[in-house]
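>>> the following comprises the amino acid sequence and a computationally predicted model.
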Amino acid sequence: MDLKLTNVSPVLTDPAPINKSRIGIHSSLLPYSQSGASFSSGLLTMPRKKPGKLDDVRSNGWLDAMISSSPPRKKMLKDFNFEVDSDDRDIGYISWVVKHPSALNSFEQIISRARNKKIAMFLDYDGTLSQIVDDPDCAFMSDEMRSAVRNLAKHVPTAIISGRSRDKVYELVGLTELYYAGSHGMDIMCPVGGRESADPSSCIKTTDQQGKEVNLFQPAREFLPMIDEVFRTLVENTKDIKGAKVENHKFCASVHYRNVDEKNWPTIAQCVHDVLDGYPQLRLTHGRKVLEVRPLINWNKGKAVEFLLDSLGLSKSDDVLPVYIGDDKTDEDAFKVLREGNQGYGILVSSVPKETKAVFSLKDPSEVKQFLNCLVRWRRQSEV
Ligand SMILES: O=P(O)(O)OC[C@H]1O[C@H](O[C@H]2O[C@H](CO)[C@@H](O)[C@H](O)[C@H]2O)[C@H](O)[C@@H](O)[C@@H]1O
């Protein structure tokens, strides 16, 4: 099978946190080729590394990123070189929250900027609307959260932008009144009549669950067979690593190590690295105890926000205030778009200090729910 990348308009620019000399960012501009891997109808078989040969993931920073994707209970306090316990870490949090104030405490400031404007709300799913749990299949959102989101969507255009597949996140949220972008924004269902895509081959007309005509924007459609093959290979190659779980999110695949013994993290990282080695058109990003394999195209959650604003007729308008709430590294692309466009507000969900482009913060999904309810009350009052 010959996958041509020429029809994929969003061309790579995004630097990937990978060993570029091995995965080869620039080689992705070359026609699709495989090194040591066969891409065919059957399972892809990768030569397995001998146990103990884990140098790649040690040297390319994957392991460091994996460890930092979930802070340890005790932590070395940078600049002071001693271990701190949770009380002392509260001090770190307090000084961080001065830079990224609580969106709840800053509610007046937020609504004063939103006065006479239309808010457009963008919500991440895992860790934002649902608590982080061990089993990704059990990350359900509470009924209270669902009704907060439903009530908000009555007043404010609301979209979910998730790393999960669009179908999966729709199944979990279950609200027809929202817009959904799955696979980190690589699968967007939006109303017809908005912006025509710069690349019409990425956009098709279809119908949603209610039979309404919608546009489906899928800039990585050509990667579908490749992601499917990589997914099956990852399942096969990680099957002996206890606790490993691989998910197929249509345009990306997630390899979870939350339930893998920490001593086996180098093994799982090396395993993913070896598979990726055969696919220079794919890249790796890090989430919360998850390694995510996705197409090397210039598309991310930030681009998805811009696309949705356009599709909803809300871009280039001074009377729109976009707000994006998310907890993960992949949400940073969206925070960056809003910050750099001086357009709206990014809100990071985190109970620990993190480097972020978000303006405000919320500690956890329960604070997200409170914030959404505050917005609903405010909108209801201002509409009376
Ligand atoms: O963009 P998101 O909606 O935040 O999706 C990001 C990833 O979320 C899921 O994994 C995370 O949540 C799981 C359930 O709480 C947790 O077990 C896992 O450790 C987290 O990484 C989802 O399963 C991934 O596929 C998404 O990419």
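All right, it came through fine.
>>> from here on, just use CA atoms for contacts and neighbour counts.
OK.
>>> for residue 21, give me the pLDDT.
Residue 21 carries a pLDDT value of 33.
>>> who's in contact with residue 372?
Listed by CA atoms under 8 Å, 6 or more residues apart in numbering, the contact set of residue 372 reads 148, 149, 152.
>>> how far away is the second one from the ligand?
This points to residue 149. 15 Å (CA to the nearest ligand atom, to the nearest Å).
>>> who's in contact with that residue?
Per CA under 8 Å, 6+ apart, neighbours of residue 149: residue 372.
>>> how about the CA coordinates for the strand or helix carrying it, as CSV?
Assessed by DSSP states H and E, residue 149 sits inside helix 143-155. C-alpha atoms of helix 143-155 as CSV (Å, rounded to 0.1, in the frame of the first residue of the first chain):
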residue,chain,number,x,y,z
ASP,A,143,-24.4,13.2,36.4
GLU,A,144,-23.8,16.6,38.1
MET,A,145,-20.9,17.4,35.7
ARG,A,146,-23.1,16.3,32.7
SER,A,147,-25.9,18.6,33.7
ALA,A,148,-23.4,21.5,34.3
VAL,A,149,-22.1,21.0,30.7
ARG,A,150,-25.7,20.6,29.3
ASN,A,151,-26.9,23.8,31.1
LEU,A,152,-23.8,25.7,29.9
ALA,A,153,-24.4,24.6,26.3
LYS,A,154,-27.9,26.2,26.4
HIS,A,155,-26.2,29.6,26.7
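>>> quick one: mean pLDDT over it.
pLDDT averaged over helix 143-155 gives 98.
>>> which element follows it toward the C-terminus?
With DSSP H and E, the next secondary element past helix 143-155 is strand 158-161.
>>> pull out the buried positions in the longest helix seen in the chain.
Taking DSSP state H as the assignment, the helix of the chain that covers the most residues is helix 365-383. Of all the residues in helix 365-383, those buried under the rule 16 or more other CA atoms under 10 Å are 365, 366, 367, 368, 369, 371, 372, 373, 374, 375, 376, 379.
>>> let's have these in JSON lines, adding pLDDT and distance to residue 178.
Listed next are those as JSON lines, based on pLDDT from 0 to 100; distance: CA to CA, whole Å:
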{"residue": "365", "pLDDT": "98", "distance to residue 178": "19"}
{"residue": "366", "pLDDT": "98", "distance to residue 178": "20"}
{"residue": "367", "pLDDT": "98", "distance to residue 178": "21"}
{"residue": "368", "pLDDT": "98", "distance to residue 178": "17"}
{"residue": "369", "pLDDT": "98", "distance to residue 178": "16"}
{"residue": "371", "pLDDT": "98", "distance to residue 178": "18"}
{"residue": "372", "pLDDT": "98", "distance to residue 178": "14"}
{"residue": "373", "pLDDT": "98", "distance to residue 178": "17"}
{"residue": "374", "pLDDT": "98", "distance to residue 178": "19"}
{"residue": "375", "pLDDT": "97", "distance to residue 178": "16"}
{"residue": "376", "pLDDT": "97", "distance to residue 178": "15"}
{"residue": "379", "pLDDT": "91", "distance to residue 178": "18"}
